[in-house]
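J.: heads up, no residue letters with this:
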């Protein structure tokens, strides 16, 4: 397309535009030459190049959106930020009221913020304290439920969980309940005897005799075993029980003597079953019993094949061994003397029995030990070998027969690794042999491989443990092993794990503690079974306090008197803060079950004339210096007051004779309900009854109480009477109470006196001040309305001038009283509610 064609098309378009445009709206035509167009183009190009590409792009962008850029620039230039940061209401430096107002508001806000922050922090601390306490209790219960030492695996078989919750109790459960009742009755009788100083029998003897009547076949034997182990001299019961038990040889003696008595009973039973073969006759003693028992055991010649020194079909060494096994050294010496065998051994036994020279005995022991190592160690006769190996009883006869040799070991306690399996048929035989070869710790330098009492305890508790003895299925057997090795605490903790034997464990621990033979921890907060760093391993300490509390908690709610008897046994224990554990337990009992019925059960019935005196109750029988019911009541009342259980706290304060704290709580409760109408069964009615009971008591003890407390209490009781009369429509009498007690003014001159009187009263009275002032104003207003109504109803012509003046004077007096009351409301140094102030002013205005 050339320039001519372009010019022609432009002219045609211009003509079309002119034809379509209306005449009125026709715009003036502009004619530009080619030179003018070129000049305008150059000017436009120069402006664009001067402002730059960015401005051009900005103009294009903003212009496409319909923004007028020149006008926008003018508006931006006219803006000023100076006034934005200036205060709207500037405060001059000399504006003291404004400054004080700001400081006051800032102080109030800072106090509110500080209080809110303190409340939040206090609640947070309390929340975490409770959480830590609950976690600690859960952790303690889990630790107490763990299995004992040496037992690493839990039962593989699942527990049988019954689905029928209403099944009748089986015979075992009933028998267990009967045992608990018998134990509880025995504890109660023991406590009563101790209080009355008539108790002569120990708990150990009482429980052992009572166990003979139990249906549990193992209980009598367990008690008999524990009683045997506890029969030690009084000097052994002083000091630390664990230290004495490890050093005193009497416990080893008692264990061996118990096993020897049991074996003697076993031998007698076998002989009685075979009287024809036993041919028992002559003097009924241990020698004849042993001889008859050997005759029964070795009836045939085949049973004597490996035995030595047989005379007329009767082997010698079984006679000697069983004599030692039954604890009769004299019979063993007699059998050796009759046979003439082993003269050196016979001489040594005789010398030890008679208390011979220790040097000579040591030489004989060395010679016989050498003979054992050279010849008897490979002997085919197990009885002769055992007699030579475990010639225990003569050495332990050192204590029994008061011989000068003070040693633990046996004469020939050599090669302790030999278990003599031919003769060790039962656990009793094993324990007897191990107890017979014990040596003192100071002898280990010469006999490094020998066994000590501590080594035997470790062997039983740690190396063998519960799994070896199958303790779950054979609990009495494992208990016997631990008790006979002097580990009372571990044995009782093992019994306490099972519901069937826990009742025995608790009372066994109580009996041992009475005798001073139970090792208890230093802190009552320790776990049920704990170790003390000062004690040698594997000795443990049993927390008797925790054991008794866990046992008594199961029935303290249903049988509080029985639980109280068990808690009384803890009277000599102190917690970490020096408080009596018994008082703490009783305090927890009352905190969990503080009801009027529980208070009557424990403290007795309230005296109708004196509410601070209670007669009867469980504490009446246990009232001692360690068990003071007043101290207990005061302690529980303080805790209940912290928990806002004021009614029960007041009862307990009265039981404790603490009238001061009781009156303070009564005032606190009265301030909450004094303005309420009296209804049946309400707190106000109960407080009203309590106030009537306290009138005589306070009359005699008024001088013992704090003056401010008495003023507050007396004022609140008068205000309670005021509201009682007010709700009974006795307004004049009610108003007279306020006037007599100088509680509200009768004129403007009395305002200062009434305000000063209020300042001497406690916050409980100030709390009810708004209700009292409103009630007083309502009384004045009602009297005013009544007086004005009587004057308006009368005929003016017939009205006597005197009566008219009297009514006007009465209304004026009422207005003055109302004015004095509002003045007092404005003068008291307390902030009254806005509604109270508005109502007082409104009633005063209505009286004009």
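T.: Looks like it arrived, so ask away. Quantities reported herein were computed from a predicted structural model and do not represent experimental measurements.

J.: please enumerate the strands of the stretch 51-200 of the chain.
T.: With DSSP state E, counting those that start in this stretch, there are no strands along the stretch 51-200 of the chain.

J.: cool, and the stretch 601-750 of the chain?
T.: Counting by DSSP E, counting those that start in this stretch, the strands of the stretch 601-750 of the chain are 605-606, 614-615.

J.: determine the longest helix present in the chain.
T.: Scanning the chain for the longest helix, with DSSP state H as the assignment, gives helix 96-145.

J.: now do the helices in the stretch 251-400 of the chain.
T.: Secondary structure of the stretch 251-400 of the chain, counting by DSSP state H, counting those that start in this stretch: helices at 275-278, 286-297, 316-325, 329-339, 343-354, 358-374, 382-389, 392-400.

J.: go through the first one and flag the buried ones.
T.: Residues of helix 275-278 classed as buried under the neighbour-count rule (16 or more other CB atoms under 10 Å) are residue 278. Every residue, glycine included, has its C-beta placed from N, CA and C.

J.: can you list contacts of that helix?
T.: 271, 292-293, 295-296, 299 (CB atoms under 8 Å, 6 or more residues apart in numbering).

J.: among these, who's most crowded?
T.: residue 293 (26 neighbours; other CB atoms under 10 Å).

J.: could I get the strands of the stretch 601-750 of the chain in CSV, plus columns for mean pLDDT?
T.: Output for the strands of the stretch 601-750 of the chain, formatted as CSV (pLDDT from 0 to 100):
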stretch, mean pLDDT
strand 605-606, 78
strand 614-615, 75
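
J.: now the ones you listed in a markdown table, with mean neighbour count and distance to residue 236?
T.: What follows is these, written out as a markdown table (neighbours: other CB atoms under 10 Å; distance: least, CB to CB, whole Å):
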| stretch | mean neighbour count | distance to residue 236 |
| --- | --- | --- |
| strand 605-606 | 16 | 49 |
| strand 614-615 | 16 | 45 |
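
J.: which one, of the ones you listed, ends up nearest to residue 204?
T.: Of all the strands of the stretch 601-750 of the chain, strand 614-615 sits nearest to residue 204, with 36.2 Å by CB to CB.

J.: tell me the helices and strands packed up against that closest one.
T.: Judged by 3 or more CB pairs under 8 Å, 6 or more residues apart in numbering; DSSP states H and E, strand 614-615 is in contact with strand 605-606.

J.: neighbouring strands - and their directions - for the strand it packs on?
T.: strand 614-615 (antiparallel) (DSSP bridges).

J.: starting at the chain centroid, how far to the partner strand?
T.: 30 Å (CA atoms, centre = their mean, to the nearest Å).

J.: which residues are in contact with that strand?
T.: Outside strand 614-615, the residues touching it (CB under 8 Å, 6+ apart) are 603-607, 655.

J.: try 6 Å
T.: For strand 614-615, contacts defined as CB atoms under 6 Å, 6 or more residues apart in numbering pick out 603-606, 655.

J.: and for stretch 189-205?
T.: In contact with stretch 189-205 (CB under 6 Å, 6+ apart) are residues 227, 230, 510-511, 514, 565, 568, 624.

J.: from residue 542, how far off is residue 700?
T.: Counting by CB to CB, to the nearest Å, the gap from residue 700 to residue 542 is 51 Å.

J.: those two: which is more packed in?
T.: Counted by other CB under 10 Å, residue 700 and residue 542 do not tie: residue 542 has more neighbours, with 27 against 9.

J.: residue 489 is in contact with the more buried one, correct?
T.: Yes: using CB atoms under 6 Å, residue 542 is in contact with residue 489, at 3.9 Å.

J.: and residue 710, how many neighbours does it have?
T.: Burial measure for residue 710: 17 neighbouring residues, criterion other CB under 10 Å.

J.: lowest average confidence, helix or strand, in this protein?
T.: helix 392-400 (a mean of 33; mean pLDDT, DSSP states H and E).

J.: same list (the contacts of stretch 189-205) but as CSV, adding distance to residue 109.
T.: Formatted as CSV, the contacts of stretch 189-205 follow (distance: CB to CB, whole Å):
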residue, distance to residue 109
227, 76
230, 73
510, 63
511, 68
514, 66
565, 60
568, 58
624, 59
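
J.: who wins on neighbours among these?
T.: Neighbour counts for those (other CB under 10 Å) peak at residue 230, which has 25 neighbours.

J.: would you mind measuring from that one to residue 204?
T.: Taking CB to CB, one finds residue 230 at 6 Å from residue 204.

J.: likewise residue 255?
T.: 17 Å.

J.: ditto for residue 655
T.: 37 Å.

J.: again with residue 280
T.: On the measure of CB to CB, residue 280 and residue 204 end up 35 Å apart.

J.: show me where the stretch 1-150 of the chain dips below the pLDDT cut-off.
T.: Scanning the stretch 1-150 of the chain for pLDDT under 70 picks out 1, 16-31, 48-57, 59, 65, 79-94, 140-141, 143-150.

J.: buried set for stretch 212-226?
T.: 214, 216, 218-220, 222-226.

J.: adding pLDDT, write the residues you listed out as TSV.
T.: Shown next, in TSV, are those (pLDDT from 0 to 100):
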residue	pLDDT
214	88
216	84
218	90
219	92
220	92
222	93
223	94
224	94
225	93
226	93
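
J.: residue 240: which of those is nearest?
T.: residue 226 (19.8 Å).

J.: what sits against the closest one?
T.: Residue 226 neighbours (CB under 6 Å, 6+ apart): residue 508.

J.: distance of the residue nearest to the spatial centre of the chain relative to residue 252?
T.: Nearest to the geometric centre of the chain sits residue 137, at 6.7 Å (CA atoms, centre = their mean). Separation of residue 137 from residue 252 (CB to CB) stands at 41 Å.

J.: kindly report the same for residue 516.
T.: 19 Å.

J.: the two: which has the busier surroundings?
T.: Each of residue 516 and residue 252 has its neighbours counted (other CB under 10 Å); residue 252 has more, 22 against 16.

J.: which residues are in contact with that one?
T.: With CB under 6 Å, 6+ apart, residue 252 has these contacts: residue 435.

J.: and whichever strand or helix holds residue 772, what does it pack onto?
T.: Using DSSP states H and E, residue 772 sits in helix 769-793. Packing contacts for helix 769-793, counted by 3 or more CB pairs under 6 Å, 6 or more residues apart in numbering; DSSP states H and E, involve helix 731-740, helix 801-827, helix 834-846.
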